[in-house]
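Engineer: pasting the structure only:
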């Protein structure tokens, strides 16, 4: 019996190398749990039929000594990341049977390393949501308490790792879609610097905001995955060239800025208390805690909910029933579009497309979109200026703990507020790490979030590991 | 709402039109808050980097033409077929 609860990438690698267990045996253990729990928890929309064959291939690399850290490591992959020959549906009916015609760059990198893809995970439709309840395939459940949501939009990927149905997983984070589920499920979630991981082959939602983002149980595992995937990709014109990837990080104790004014209200008592305690532990450990002010960051969510729908309305215009995906028959071309999109998109998706169309339309463009762009720049400048004074910015990851399934579905804005601390990092492109920081007395996970300057993920990993040791 | 649905090429039922109108009202109320914030002094300074490449197909581009063609909803020989435009 392999102890899946405490397994890490390095422990698995050691075990493979020493022969303690094989890649196949590990994959089989996860498949057993999947068999037991996936029907209820819905981590996976589809478990791949060749998992064991992939594992056997990986095993060969241990035989001929070409294995690396990620060889044979099971990954669950979010349904919006293309794997050639596999269905990628972005949690939507409109792509229900769409088969990816190429590998995304991050998948290619993992294939080269010999990782094992367990299956594609459930997600809010087109990554629009914070609870994985808008998926065409039904909601996912939080392994910590199945009556509660796992968070979203990368809920399935979180459930896979938290529920011991995979060792690690990939999601995407556009405004907290990995950090928020990480918070709700007690996992480590990293949103890398915008432009560090390739977006080629990632079904786009907000292309100035999206990043592939890993889930893991430990900070070290997140670091390993980041190091393997953080590379310039000439196929992605937003991918940052190597020469420009300059870090500000200096190892050692950190100056940590806390914008207390941002969570004077609107944050659950238990979350605020845990955050304060965690900050105290860091102070006792020798890190300097600095009060900072981020006045424009207060408007991050409003800015996000103008810019993102605008980008969404453009990015989703390609789903038109013409070249692939759901296609409804009609008399003329315009009706093919309208009927296919009408039949294929769910409620939240329609809402956001229409919102985006509105804010970009003549007469409203300046009031909404242009204003939001300017405010976004102010938010970015404010954060970068803060990094002149401090090395890291700390906040709670989410203002609340995991809520019950069905809650917040009637009020879109209430749902959006779950991401209030996530937005600044996506708007400014800086990397951000969510780390478990404790539990409520009912066992619900609590989480602290750090932001660092562009390309200073090493700083995040340092502080994250410190949090793990102080817990 | 109907004009937006037309622009976005999405068929909406009557009921949906009302519901989305109501939802959008709520969302717009929320995001409208930024209207009153002063941003006129923002200078967006970008250090531009040219990411363009030569227009060549390259050897390492790997996609499946067969899979693409197989997924056309309607086709004639290997061509994508669409409704009459003119």
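Structural biologist: Yes, it's here. Being a predicted model, the structure only gives us computed values, none of them experimental.

Engineer: the chain: strands as residue ranges?
Structural biologist: If you meant another chain, say so; for now it's chain A. With DSSP state E as the criterion, chain A has strands at A:44-47, A:74-78, A:116-121, A:168-172, A:188-191, A:212-216, A:255-258, A:288-291, A:392-396, A:432-439, A:445-451.

Engineer: switch to chain B, that's the one I care about
Structural biologist: Secondary structure of chain B, counting by DSSP E: strands at B:75-76, B:79-80.

Engineer: give me the mean pLDDT for the last one.
Structural biologist: The average of the pLDDT scores along strand B:79-80 is 92.

Engineer: what lies in contact with it?
Structural biologist: A:322-323, B:72, B:74 (CB atoms under 8 Å, 6 or more residues apart in numbering or on different chains). All C-beta atoms are positioned from the backbone trio N, CA, C, and that covers glycine.

Engineer: residues contacting the one residue in chain A that gets nearest to chain B?
Structural biologist: Closest to chain B within chain A is residue A:342: 2.9 Å, counting by CB to the nearest CB. Shown in contact with residue A:342 (CB under 8 Å, 6+ apart): A:328, B:10-12.

Engineer: same thing but 10 Å
Structural biologist: A:321, A:328, A:335, A:350, B:5, B:9-13, B:16 (CB atoms under 10 Å, 6 or more residues apart in numbering or on different chains).

Engineer: ok, back up a step: pick the most deeply packed of the strands of chain B.
Structural biologist: Most buried of the strands of chain B, by mean neighbour count (mean count of other CB atoms under 10 Å in any protein chain shown): strand B:79-80, with a mean of 12.

Engineer: can you give the strand pairings for that one, parallel or anti for each?
Structural biologist: Sheet pairing for strand B:79-80, assigned by DSSP bridges, gives strand B:75-76 (antiparallel).

Engineer: where does chain A have its least confident helix or strand?
Structural biologist: Ranked by mean pLDDT, DSSP states H and E, the helix or strand of chain A with the weakest confidence is helix A:412-416, at a mean of 78.

Engineer: would it count as contacting chain B?
Structural biologist: Yes. Using CB under 10 Å from any CB of the partner chain, helix A:412-416 reaches chain B at A:412-414, A:416.

Engineer: can I get these in TSV with neighbour count?
Structural biologist: Listed next are those as TSV, based on neighbours: other CB atoms under 10 Å in any protein chain shown:
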residue	neighbour count
A:412	21
A:413	15
A:414	13
A:416	21
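
Engineer: ok, now how distant is the residue of chain B found nearest chain A from residue A:338?
Structural biologist: For chain B, the residue closest to chain A is residue B:11, as judged by CB to the nearest CB, at 2.9 Å. Distance of residue B:11 to residue A:338, given as CB to CB, to the nearest Å: 4 Å.

Engineer: now do residue A:466
Structural biologist: Taking CB to CB, one finds residue A:466 at 54 Å from residue A:338.

Engineer: ditto for residue A:21
Structural biologist: Counting by CB to CB, the gap from residue A:21 to residue A:338 is 54 Å.

Engineer: please apply the same query to residue A:248.
Structural biologist: Applying CB to CB to residue A:248 and residue A:338 gives a distance of 50 Å.

Engineer: ditto for residue A:196
Structural biologist: 39 Å.

Engineer: repeat for residue A:226
Structural biologist: Distance from residue A:226 to residue A:338, by CB to CB: 42 Å.

Engineer: the stretch 51-200 of chain A: helices as residue ranges?
Structural biologist: Ranges of helices in the stretch 51-200 of chain A, per DSSP state H, counting those that start in this stretch, are A:51-63, A:105-113, A:155-162, A:179-185.

Engineer: using JSON lines, lay out those helices together with distance to chain B.
Structural biologist: Shown next, in JSON lines, are the helices of the stretch 51-200 of chain A (distance: least, CB to the nearest CB, whole Å):
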{"stretch": "helix A:51-63", "distance to chain B": "19"}
{"stretch": "helix A:105-113", "distance to chain B": "8"}
{"stretch": "helix A:155-162", "distance to chain B": "22"}
{"stretch": "helix A:179-185", "distance to chain B": "19"}
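
Engineer: can I get those in a markdown table including mean pLDDT?
Structural biologist: Putting the helices of the stretch 51-200 of chain A into a markdown table (pLDDT from 0 to 100) gives the following:
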| stretch | mean pLDDT |
| --- | --- |
| helix A:51-63 | 97 |
| helix A:105-113 | 98 |
| helix A:155-162 | 98 |
| helix A:179-185 | 97 |
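
Engineer: export those to CSV and tack on mean neighbour count?
Structural biologist: Listed next are those as CSV, based on neighbours: other CB under 10 Å:
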stretch, mean neighbour count
helix A:51-63, 17
helix A:105-113, 21
helix A:155-162, 34
helix A:179-185, 34
